[in-house]
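[1] this one's sequence-less:
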């Protein structure tokens, strides 16, 4: 079945550092891809999405590009802030939404 | 305000005592799902529903039941909870179609002793 594999954490960074979280997927069709973020004590919320190959999703300084040739959807941010500390989930959707294991990111001042 | 509401937020119960976690959404979404979140395992789908009276098993359905009698509600039932069901549970809803955003509830922290 369809599945998502994302980089294991935890990841600890200093403010203004560059963040990359790797995500690769396995799917039989052409799914949509998502990044969700979970702040402490909250539910998940959509960060960005891409619906077809070469699409770039972006939001709050985060970006991810749907790469069909490498089946990847890596999340990047050029300069992180303390407020970006959260758990990040990569997900794919055909008729069902499947999540990766999540990557905990801690940003230190 | 568009939202998914779960209750209770926290629950401690004893092995074998039936419980229900409620979930309600106000967005008229067709799809609703239940997930459990465990350290190192991410979110695993328990059950999902594609519309009223249509439910199906997710990846980890054992020990759980659901029902979808109305479009807005999707309760999760644990008939005989066991300690391995101690987890953080999330309800989610989304409109039909694969590109639509899922909206999540705040979560229910369940402890079974």
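    Cool, the structure landed. Please read these numbers as outputs of a predicted model, since none were measured by experiment.

[2] For the most centrally placed residue in chain B, list each beta-bridge partner.
    Residue closest to the average C-alpha location in chain B (CA atoms, centre = their mean): residue B:34, at 2.9 Å. Taking DSSP bridges as the rule, residue B:34 bridges to residue B:47, residue B:91.

[3] Run through who's touching stretch A:16-30.
    Outside stretch A:16-30, the residues within contact range by CB atoms under 8 Å, 6 or more residues apart in numbering or on different chains are A:2-7, A:11, A:13, A:31, A:33, A:35, A:52-53, A:64, A:68, A:70-81, A:84, A:88, A:90, A:92, A:94, A:100, A:103, A:105, A:107. To be clear about C-beta, it is placed using only N, CA and C from the backbone, and glycine gets the same treatment.

[4] So which of the residues you listed are in strands?
    Under the assignment DSSP state E, these contribute A:3-6, A:11, A:13, A:33, A:35, A:64, A:75-77, A:88, A:90, A:92, A:103, A:105, A:107 to strands.

[5] Next one, pLDDT for the residue nearest to the centre of chain B please.
    Per-residue pLDDT puts residue B:34 at 97.

[6] Confirm for me that it is in contact with residue B:66.
    Yes: the pair residue B:34 / residue B:66 is scored as a contact, 6.6 Å apart, by CB atoms under 8 Å.

[7] Mind listing the shared neighbours of these two?
    Common neighbours of residue B:34 and residue B:66 (CB under 8 Å, 6+ apart) are B:46-47, B:74, B:76.

[8] Endpoints of stretch B:25-42, how far apart?
    One end of stretch B:25-42 sits 23 Å from the other (CA to CA, to the nearest Å).

[9] in that stretch, what counts as buried?
    Across stretch B:25-42, burial judged by 16 or more other CB atoms under 10 Å in any protein chain shown covers B:25, B:29-37, B:42.

[10] Residue numbers of chain A in contact with chain B?
    A:31-32, A:34, A:36, A:42-46, A:49, A:51, A:89, A:93-102 (CB under 8 Å from any CB of the partner chain).

[11] okay, now residue 74: neighbour count?
    If you meant another chain, say so; for now it's chain A. The tally of other residues near residue A:74 (other CB atoms under 10 Å in any protein chain shown) stands at 18.

[12] oops, chain B please
    Residues near residue B:74, counting by other CB under 10 Å: 29.

[13] give the contact list for it.
    Residue B:74 touches B:23-25, B:32, B:34, B:49, B:66-68, B:91, B:93, counting by CB under 8 Å, 6+ apart.
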